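In: need a 3D model of the sequence below.
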Amino acid sequence: MKKLLPIFLLLLLTSCSQQLVFERKQYNSSYQNNMASGYNSANIKMEVVEAKNDENINKIIFENIKELSVFIENENLNIKNYDQLTKGFVSTYKKAKNEVPNSSVKSWEFQLESNVEYETEEFVNIGINYFSSYGDKDGFGGKRSLIFNKITGNQLKNKDIFSNLPVVEKIVENKFRTKYKVKNNLSLNDQGYCFENNKFYLTNNVFFTIEGITFLYNINEISSYEKGTFEVHFTYDELDKYLMIK
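Out: You can find the predicted model right below:
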């Protein structure tokens with residue numbers, strides 16, 4: 001018994017050391033000229049969750065946040081971390097302003113917050129809320145879902161989450177049509193939607209909550225900006241037999 005006790009304690013300590021833990025960090029940068037507040041300023045504020053002991057998860061979260069920062073693509077910037085991202089946002093704005101001498105350039109704004117939306121012993125769901133404005137009137141915002149296996153750190157796609165995807169897709173489509181009064185005798189795109197190939201598809205933005213599972217379609221994803229977001233909610237009982245993660 002004395003020999004088994006140290007082994008048990010070692011296993012316990014190993015298990016604790018491998019537990020996935022997240023911490024919140026802030027990354028901000030700004031530029032403000034003395035002119036009117038609606039012009040000649042750039043502000044970026046990000047509050048992100050980072051895993052203390054899983055760099056693969058951190059890398060995937062960062063790459064998604066970088067993808068949402070469209071100014072990088074326009075400037076072909078080589079961004080490798082959050083500090084470079086915030087500084088790149090401000091420097092890109094200054095460059096745009098300097099290219100138009102003696103002219104006011106409308107302010108830029110980028111706000112982002114990532115959170116642990118839901119987690120079990122098996123998986124964790126990270127949500128990214130974002131809003132950006134590059135001088136346009138209304139700006140653009142949305143929410144992105146990332147789901148990870150807590151043991152491997154790998155990102156889970158729909159095929160890893162649900163069995164029999166065609167059936168799940170049909171179930172979601174039926175509830176979508178009912179909620180938004182979409183007629184069966186007309187094509188989706190003839191009713192104001194813009195589904196690729198005029199065919200309903202399952203969004204990658206799948207959010208887990210205490211109440212159930214939500215499928216979220218962001219602004220401009222399947223319809224015009226003015227119509228906003230679309231979402232369909234299910235209880236766990238409704239989709240339980242198709243769930244591959246618990």
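
In: list the contacts of stretch 139-155.
Out: 20, 51, 54, 56-57, 60-61, 64, 68, 109, 117, 119, 121-133, 156, 160-161, 204-208, 216, 218-220, 225, 229, 245 (Cβ atoms under 8 Å, 6 or more residues apart in numbering). C-beta here means a position set from N, CA and C on the backbone, and glycine is covered the same way.

In: quote the end-to-end distance of that stretch.
Out: 29 Å (Cα to Cα, to the nearest Å).

In: and that stretch, what's buried?
Out: 140-150, 153, 155 (16 or more other Cβ atoms under 10 Å).

In: widest-spaced pair of those residues?
Out: Greatest spatial distance among those (Cβ to Cβ): Phe140 and Lys150, at 31.9 Å.

In: quick check: Phe62 touching Ile79?
Out: No - here Phe62 lies out of contact with Ile79, judged by Cβ atoms under 8 Å, at a distance of 9.0 Å.

In: what residues are bridge-paired with the spatially most central residue of the chain?
Out: Nearest residue to the geometric centre of the chain (Cα atoms, centre = their mean): Arg144, 2.2 Å. When assigned by DSSP bridges, Arg144 has beta-bridge partners Ile128.

In: any idea which element Ile210 lies in?
Out: Applying DSSP states H and E as the criterion places Ile210 outside every helix and strand.

In: can you list the domains in this protein?
Out: 20-149, 158-242 (automatic domain parsing).

In: end to end on the longest one, go ahead and measure it.
Out: I take that to be domain 20-149. For domain 20-149, the first-to-last residue distance is 10 Å (Cα to Cα).

In: need the contact list for the residue nearest to Val167 when sequence neighbours are not counted.
Out: Closest residue to Val167 apart from its sequence neighbours, by Cβ to Cβ, 6 or more residues apart in numbering: Tyr242 at 6.9 Å. Contact analysis of Tyr242 by Cβ under 8 Å, 6+ apart lists 162-164, 167-168.

In: and Tyr242, how far from Val206?
Out: Counting by Cβ to Cβ, to the nearest Å, the separation of Tyr242 from Val206 is 12 Å.

In: again with Ser163
Out: To Val206, Ser163 is 14 Å away according to Cβ to Cβ.

In: between the two, which is the more surrounded one?
Out: Val206 (20 against 12; other Cβ atoms under 10 Å).

In: tell me what the more buried one is bridged to.
Out: With DSSP bridges as the rule, Val206 is bridged to Phe215.

In: ok, it - contacts?
Out: So, once contact is read as Cβ under 8 Å, 6+ apart, Val206 ends up touching 145, 147, 158, 161, 213-216.

In: kindly state the pLDDT recorded for it?
Out: Turning to Val206, the model gives it a pLDDT of 98.

In: got any ranges where this structure has weak pLDDT?
Out: Applying pLDDT under 70 to the chain flags residues 1-18, 34-38, 72-76, 101-104, 137.

In: for it, longest helix please?
Out: If you go by DSSP state H, the chain has its longest helix at helix 82-98.

In: how distant is that one from the center of its chain?
Out: Relative to its chain's centre, helix 82-98 lies at 22 Å (Cα atoms, centre = their mean, to the nearest Å).

In: name the helices or strands packed onto that helix?
Out: strand 22-32, strand 41-51, helix 55-68, helix 70-75, strand 108-119 (3 or more Cβ pairs under 8 Å, 6 or more residues apart in numbering; DSSP states H and E).

In: mind doing that once more with 6 Å?
Out: Counting contacts by 3 or more Cβ pairs under 6 Å, 6 or more residues apart in numbering; DSSP states H and E, helix 82-98 is packed against strand 22-32, strand 41-51.

In: show me the contact partners of stretch 164-178.
Out: Outside of stretch 164-178, the residues within contact range by Cβ atoms under 6 Å, 6 or more residues apart in numbering are 162, 200, 202, 215, 232, 242.
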